[in-house]
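Novice: Based on what follows, work out the 3D shape:
(2 chains, ligands or ions: 5)
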Amino acid sequence: MVLDDLGESLRGTLDSLRGKSRIDEEDVDEVVTEIQRSLLQADVDVGLVQDLSEAIRSRSLDEEPPAGTSARDHVLRIVYEELVDLVGDSMELPLEERTIVLAGLQGSGKTTTAAKMAWWFSTKGLRPAVIQTDTFRPGAYDQAEQMAERAEVDFYGDPDGDDPVQIARDGLEATADAEVQIVDTAGRHALEDDLIEELEAIDRAVDPDDTILVLDAAIGQAASDQAEEFDRAVADGVDGVTITKLDGTAKGGGALAAVDQTDAEIAFLGTGEGVKDVERFEPSGFVSRLLGM
Amino acid sequence: VVDEDDLAGHLDDLEFALLASDVELSVAERIIDRVEATLLGETRRRLSSTGDLARDALREALYDTLDVGDLDFIEAIEAGDDPAVVVFTGVNGVGKTTTIAKLVRYLDRAGYSSVVANGDTFRAGANEQLIEHAEALDVECIHHEQGSDPAAVIYDAVEYADAHDVDVVLGDTAGRLHTSDDLMAQLEKIDRVVEPDLTLFVDEAVAGQDAVNRAREFDDAAAIDGTVLTKADADAQGGAAISIAQVTGRPILFLGTGQGYDDLEAFDPEAMADDLVGE
Ligand SMILES: Nc1nc2c(ncn2[C@@H]2O[C@H](COP(=O)(O)OP(=O)(O)OP(=O)(O)O)[C@@H](O)[C@H]2O)c(=O)[nH]1
Ligand SMILES: Nc1nc2c(ncn2[C@@H]2O[C@H](COP(=O)(O)OP(=O)(O)OP(=O)(O)O)[C@@H](O)[C@H]2O)c(=O)[nH]1
Ligand SMILES: [K+]
Ligand SMILES: [Mg+2]
Ligand SMILES: [Mg+2]
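Specialist: Ligands and ions are numbered 1, 2, ... in the order given. You can find the predicted model right below:
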């Protein structure tokens, strides 16, 4: 099982249950405290950590371990099941024509992710294009154009334009030959009402198949509120989450709150600044990382 | 005397509140230990509950953590070489380049001229970004082509400032994660070659637990004199400020409060400590 290779302190605590066939309240409290620490250190939302702890505590005490299962393995299984349930499946991305909008906080990695996703779709035999609608950030057009060039994919942007909605419309038309059209947007956060409205307008104009929220792996407890607001801004809600900068030490636990708030699934993981530094999300490896393995 | 059981409950609540504000776990534990040490043995003042005492002690501990290493940006510029050289460091996308643009405006208002140097010779669009800011702010931007030596760019800017009587060089660096040995070694080299008067570490208010790791690693590579905490407008609790101040022992100088050139505020440790205990 995935959790065989747990973080050091968590393993230590669980090891104290080794050989025991029954588990008492004190044992459970000790394990739950360790799991709480790991998850909080991974930036999992404190409310979620509390809910999760409660579920693990009550299931560990109430559920009878299957015959032949040690107390330790029983608790392990419960922890694993609860976490996998929360993390959810990897977002389905059928390899067919689609339009995707990327949104997220300033600097979270949207422009880089747009090029990475385009590259990824191109390796699957589809023809992708990146459309840059960020008219605000200095150099945004050049950045996206250069990244698209590195990914060897089509690109549309308008360095002189000042209406992101119009650029999005023009871009969809100009790249109509592409099978996957990825629309990059300017960075914004939940409190910037005018920018949130702008996102609503882009979303209406593009009417995407998928809206993907791009989250920095290091985001803290703000993830939940931010995700909630983005989910509200786009007509069909946020469908997917991409976590960037996982090549650092941040664990990406903020994504759990985002998934929880939006009913989205995690699509991709970013692991570097290059266009090829992208992986499809895979739940068990991610759970391992959350627990500090 | 404060009742120990009663106190323990309050301390647990406070620790949880710190974690919910993004203060890093080990930093939060240290602060709560300190609060406990202050309160144990303390005679309970009449009329004040243990909860209030604990909150007051916490506010004090947070304030002390934030109020470190007396440093005034303008005084440091004055005391530095001529031109004074300021280098900005930090992980990817936190707001280094934007902060430099804001500080051009800030320095100008304080009566100092500046030149910006694009030591980010790596990221796509980095030159264009800083050049556009420099044009908007009407200052010179020294830049080289992508892939060239970042230290050389900043060095060139110092020569330019010398020749043109410019007061301050603001040197940008590429964002990098502290796990990249090559890029951290490059940062060490920039620090060694450029010998900046000030190294400002930039991080964002929305950062969570990782703030401690990166502050520590960046401080090791190029000693941090002060921090700028950006994206304070994004409604995060900003506990990262506590984590970073605790790790570096250096002050937070400014808050970034938006994407405009004027969205920069002097950091106020007292206001932050009050915010964190929920005043
Ligand atoms: N190490 C690493 N860096 C990344 C990753 N993804 C993005 N970055 C870097 O993070 C920084 C910000 O990335 P951008 O793609 O510009 O972010 P953005 O969301 O488009 O930013 P705005 O448009 O300003 O909101 C850049 O320095 C990128 O190179 C990643 O997975 N790993
Ligand atoms: N809301 C808000 N956005 C900010 C603030 N500071 C910077 N930004 C935005 O954050 C994004 C990234 O800013 P940059 O200045 O490019 O960040 P950087 O650290 O130089 O990024 P790299 O060079 O790629 O590592 C841009 O969209 C900025 O406009 C701030 O205080 N508040
Ligand atoms: K949804
Ligand atoms: Mg962008
Ligand atoms: Mg930059």
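Novice: Ramachandran angles for the residue in the stretch 101-250 of chain B that ligand 5 sits nearest to?
Specialist: Closest approach between the stretch 101-250 of chain B and ligand 5, counting by Cβ to the ion: B:Asp120, at 5.1 Å. For glycine as for every other residue, the C-beta is placed from the backbone atoms N, C-alpha and C. Dihedral angles of B:Asp120 (phi, psi; degrees, to the nearest 10) stand at phi -90, psi 90.
Novice: Can you give me the neighbour number for the residue of the stretch 151-293 of chain A found nearest chain B?
Specialist: Ranked by Cβ to the nearest Cβ, the top residue of the stretch 151-293 of chain A for proximity to chain B is A:Gly220, at 2.6 Å. The number of residues packed near A:Gly220 is 32, by other Cβ atoms under 10 Å in any protein chain shown.
Novice: Ok, the one 4 residues further on next?
Specialist: Number of residues near A:Ser224 (other Cβ under 10 Å) recorded here: 20.
Novice: Need phi/psi at the residue nearest the centre of chain B.
Specialist: Centroid check for chain B by Cα atoms, centre = their mean gives B:Thr227 as the closest residue, at 1.9 Å. Main-chain torsions, B:Thr227, degrees, to the nearest 10: phi -120, psi 150.
Novice: can you give me the helices in the stretch 151-279 of chain B?
Specialist: B:181-194, B:211-221, B:240-248, B:269-276 (DSSP state H, counting those that start in this stretch).
Novice: between these, which one is nearest to ligand 2?
Specialist: helix B:181-194 (11.0 Å; Cβ to the nearest ligand atom).
Novice: Give the other helices and strands that the closest one contacts.
Specialist: strand B:84-89, helix B:150-164, strand B:168-173, helix B:211-221 (3 or more Cβ pairs under 8 Å, 6 or more residues apart in numbering or on different chains; DSSP states H and E).
Novice: now for the first one, which elements pack on it?
Specialist: This points to strand B:84-89. helix B:73-79, helix B:96-109, helix B:150-164, strand B:168-173, helix B:181-194, strand B:198-204.
Novice: ok, the fourth one near ligand 2 or not?
Specialist: No - contact of strand B:168-173 with ligand 2 (Cβ under 6 Å from any ligand atom) is absent, the minimum separation being 6.8 Å.
Novice: now that strand: mean pLDDT?
Specialist: Strand B:168-173 shows a mean pLDDT of 98.
Novice: Could you do stretch B:17-26 as well?
Specialist: So the average pLDDT for stretch B:17-26 ends up being 96.
Novice: Quick check: buried residues in it?
Specialist: The neighbour-count check on stretch B:17-26 (16 or more other Cβ atoms under 10 Å in any protein chain shown) flags B:Ala17, B:Leu18, B:Leu19, B:Ala20, B:Ser21, B:Asp22, B:Val23, B:Glu24, B:Leu25 as buried.
Novice: swap in stretch B:262-276?
Specialist: B:Asp263, B:Leu264, B:Phe267, B:Pro269, B:Met272, B:Ala273, B:Asp275, B:Leu276.
Novice: Is there contact, residue-wise, from that stretch to chain A?
Specialist: No - using Cβ under 8 Å from any Cβ of the partner chain, stretch B:262-276 stays clear of chain A, with a minimum separation of 11.7 Å.
Novice: Can you measure across that stretch, start residue to end residue?
Specialist: One end of stretch B:262-276 sits 25 Å from the other (Cα to Cα, to the nearest Å).
Novice: thinking again about what came up before, could the helices and strands packed on helix B:181-194 go into JSON lines alongside mean neighbour count and distance to B:Lys231?
Specialist: Shown next, in JSON lines, are the helices and strands packed on helix B:181-194 (neighbours: other Cβ atoms under 10 Å in any protein chain shown; distance: least, Cβ to Cβ, whole Å):
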{"stretch": "strand B:84-89", "mean neighbour count": "25", "distance to B:Lys231": "15"}
{"stretch": "helix B:150-164", "mean neighbour count": "19", "distance to B:Lys231": "25"}
{"stretch": "strand B:168-173", "mean neighbour count": "28", "distance to B:Lys231": "18"}
{"stretch": "helix B:211-221", "mean neighbour count": "22", "distance to B:Lys231": "13"}
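Novice: and of those, who's closest to ligand 4?
Specialist: That would be strand B:168-173 among these, by Cβ to the ion, at 17.1 Å.
Novice: elements contacting the closest one?
Specialist: Partner elements for strand B:168-173 (3+ Cβ pairs under 8 Å, 6+ apart): strand B:84-89, helix B:96-109, strand B:114-119, helix B:150-164, helix B:181-194.
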